[in-house]
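>>> I'd like to go over a predicted model; first the sequence, then the structure.
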Amino acid sequence: MELLQAWIVSAVINATLIVPAARAPLLTPAGWLHAWILGTVLGATLGWRGWLAVVLYLLLGSAVTKVGYRRKAELDIAEARGGRRGPENVWGSAATGTVLALLCLLPGAPVAILLQGFSASFAAKLADTCGSEIGKCWGRTTVSLTRWRLVPPGTEGAVSLQGTAASLAGAIVFSGICCSLELIPWSELAAISAIAWIATLAESLIGAELQPRLRWLSNEGVNGLMTVIAAVLAMALVR
């Protein structure tokens, strides 16, 4: 009964908050609906700390996407829909973390380990967004990781010094948020950040090598794989 009440309260609170927030140009109308579902799940499973961590992830990711948007639009490498995220973007980022949050409800669940994976999955996605958006805007020299040659900004599997630094910063920032909210201890900050950053490099390789060969593998699918890699590495290696 208490669990059912937690779900109802979470659903009502999230609806109350999202109705006015939906005026902000962060998500599409369908994106806001799916964000409500995500917020309801997080509120009912991880409480306000897990919920707030993902809200901050959304705000930071959206802010980074808006940086230099006009220039990126001129180069035709900007995010579509003015940077607004849709349902596919919501779950490409959050599916892994949502599953881990739900697993925390199971009797005897290793909550501390699941929270490591949860934190690493979102840290990797914010790192990826920071690296991609900053690299597109200010990356001076963009190099293909698989072919080690110069390529245009925005090329799949390519990195720049500026984007790589921004990616690491994004991983550290979100890991720090999770530590501040007591989802993970401060002693795990460096390890979670490093794992999240490494996962973004794996994402670049997957995007460059696998995505062109597998027509069914979308950008959101690549993002999902990256969050899985980050979560698995964190749960397996961080102690």
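Noted; the coordinates are in hand.
>>> going on from the lowest-mean-pLDDT helix or strand in the chain, what's the next piece of helix or strand?
Least confident helix or strand of the chain, by mean pLDDT, DSSP states H and E, is helix 69-74 with a mean of 64. Scanning forward in sequence from helix 69-74 by DSSP states H and E, the next helix or strand is helix 87-103.
>>> chain center to the following helix or strand past that following helix, what's the gap?
Using DSSP H and E, the next helix or strand after helix 87-103 towards the C-terminus is helix 111-138. The chain centre lies 5 Å from the centre of helix 111-138; the measure is C-alpha atoms, centre = their mean, to the nearest Å.
>>> cool, stretch 54-61 as well?
With C-alpha atoms, centre = their mean as the basis, stretch 54-61 stands 9 Å off its chain's centre.
>>> repeat that for stretch 225-239.
Stretch 225-239 sits 14 Å away from the centroid of its parent chain (C-alpha atoms, centre = their mean).
>>> which residues sit against it?
The contact list for stretch 225-239, computed with C-beta atoms under 8 Å, 6 or more residues apart in numbering, reads 93, 95-97, 100, 113-114, 116-125, 128, 188, 191-192, 195-196, 198-200, 202-203, 206. Placement of C-beta: from N, CA and C, glycine included.
>>> how about the CA coordinates for it, as PDB?
The C-alpha coordinates for stretch 225-239 follow below in PDB (Å, rounded to 0.1, in the frame of the first residue of the first chain):
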ATOM      1  CA  LEU A 225      24.600   1.400 -25.500                       C
ATOM      2  CA  MET A 226      27.000   4.000 -24.100                       C
ATOM      3  CA  THR A 227      24.900   4.300 -20.900                       C
ATOM      4  CA  VAL A 228      24.800   0.500 -20.600                       C
ATOM      5  CA  ILE A 229      28.600   0.300 -20.900                       C
ATOM      6  CA  ALA A 230      29.100   3.000 -18.300                       C
ATOM      7  CA  ALA A 231      26.700   1.400 -15.900                       C
ATOM      8  CA  VAL A 232      28.100  -2.100 -16.300                       C
ATOM      9  CA  LEU A 233      31.700  -0.900 -15.900                       C
ATOM     10  CA  ALA A 234      30.800   1.100 -12.800                       C
ATOM     11  CA  MET A 235      28.900  -1.700 -11.100                       C
ATOM     12  CA  ALA A 236      31.700  -4.200 -11.900                       C
ATOM     13  CA  LEU A 237      34.800  -2.100 -11.100                       C
ATOM     14  CA  VAL A 238      34.000   0.500  -8.500                       C
ATOM     15  CA  ARG A 239      34.400  -0.700  -5.000                       C
END
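>>> run a quick neighbour tally on the nearest residue to Lys125 once chain neighbours are set aside.
Among residues not flanking Lys125 along the chain, Ser93 sits closest, at 4.6 Å (C-beta to C-beta, 6 or more residues apart in numbering). Neighbour count of Ser93, defined by other C-beta atoms under 10 Å: 28.
>>> in terms of pLDDT, where does Ser93 sit?
Ser93 carries a pLDDT score of 93 in this model.
>>> got it, and Glu88?
If you check Glu88, the pLDDT there is 91.
>>> return the distance of it relative to Thr28.
Going from Glu88 to Thr28 by C-beta to C-beta, to the nearest Å gives 10 Å.
>>> hey, what's in contact with both of these two?
With contacts taken as C-beta under 8 Å, 6+ apart, not a single residue reaches both Glu88 and Thr28.
>>> which SS state does Ala230 fall under?
Using DSSP: H, G, I helix; E, B strand; the rest coil as the criterion, the local structure at Ala230 reads helix.
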